[in-house]
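Peer 1: The sequence and its predicted three-dimensional model are supplied below.
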Amino acid sequence: EQRPFLLTFVGNFRAETRQNLRKLHNGKDILIGEPDEIMKILGVSDEKEAFQIMATKSKFAAVPRGDNLFSYRFAEVTSCGAIPVVYADDWVFPFRPELVSPQDYAVVIGENNVADSVKILSEIKPEKQCQLRRRALEMYELYFKTGEGVIHGIIDSLEILQQQSNKTETK
């Protein structure tokens with residue numbers, strides 16, 4: 001198996017959702033911890049290297065809300081080919097859902113359902129995982145990788161809004 005970890009996350013645990021997520025850690029196929037803990041488990045001394053190893057070997061990577069309803073971790077995990085698992089109610093997804101539906105490249109689990117994560121993720125069939133991973137990588141390449149990509153996503157989203165507005169006006 002190229003990706004032996006079901007779910008991973010490395011970061012701080014200030015927010016309640018993150019504290020609940022931490023309870024899922026089993027040290028085997030679910031690695032959730034602070035940087036020092038994860039570096040020790042993986043046998044590396046560099047935090048960035050630990051994240052890179054973990055994310056490239058993960059089927060799913062947790063993207064829990066922190067202090068805001070978004071996370072830079074979202075782009076990081078998609079760049080590694082892990083499927084982002086968003087733990088945030090009212091999460092602000094990048095770009096309009098009409099441009100690309102979040103269900104096509106991410107898994108969303110409500111903040112009150114963190115304890116059900118293993119069951120939810122284990123039930124996602126390999127074919128669906130492949131589709132999600134492929135689309136997440138496409139999203140990264142198109143819209144997250146560079147500043148130009150972000151601007152392209154914003155412009156595409158604005159064009160969709162304009163088209164919708166034009167349709168509404170002509171009715």
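Peer 2: Received, thanks. Numbering: from 1, shown residues only.
Peer 1: what about V150, how many neighbours?
Peer 2: V150: 16 surrounding residues under other Cβ atoms under 10 Å. Heads up, the C-betas are built off the backbone N, CA and C, glycines and all.
Peer 1: can you pull the contacts of it?
Peer 2: By Cβ atoms under 8 Å, 6 or more residues apart in numbering, the contact set of V150 is P94, Y143, F144.
Peer 1: The last one against C80, yeah?
Peer 2: No - counting by Cβ atoms under 8 Å, F144 does not reach C80; the two are 11.8 Å apart.
Peer 1: I'd like to know how many residues surround T17.
Peer 2: The local packing of T17 (other Cβ under 10 Å) involves 20 other residues.
Peer 1: Return the distance of it relative to V85.
Peer 2: Separation of T17 from V85 (Cβ to Cβ, to the nearest Å): 12 Å.
Peer 1: which residues touch the nearest residue to P4 once chain neighbours are set aside?
Peer 2: Distances taken as Cβ to Cβ, 6 or more residues apart in numbering put K57 closest to P4, at 5.8 Å, once the chain neighbours are dropped. By Cβ under 8 Å, 6+ apart, K57 lies in contact with Q2, R3, P4, F5, T8.
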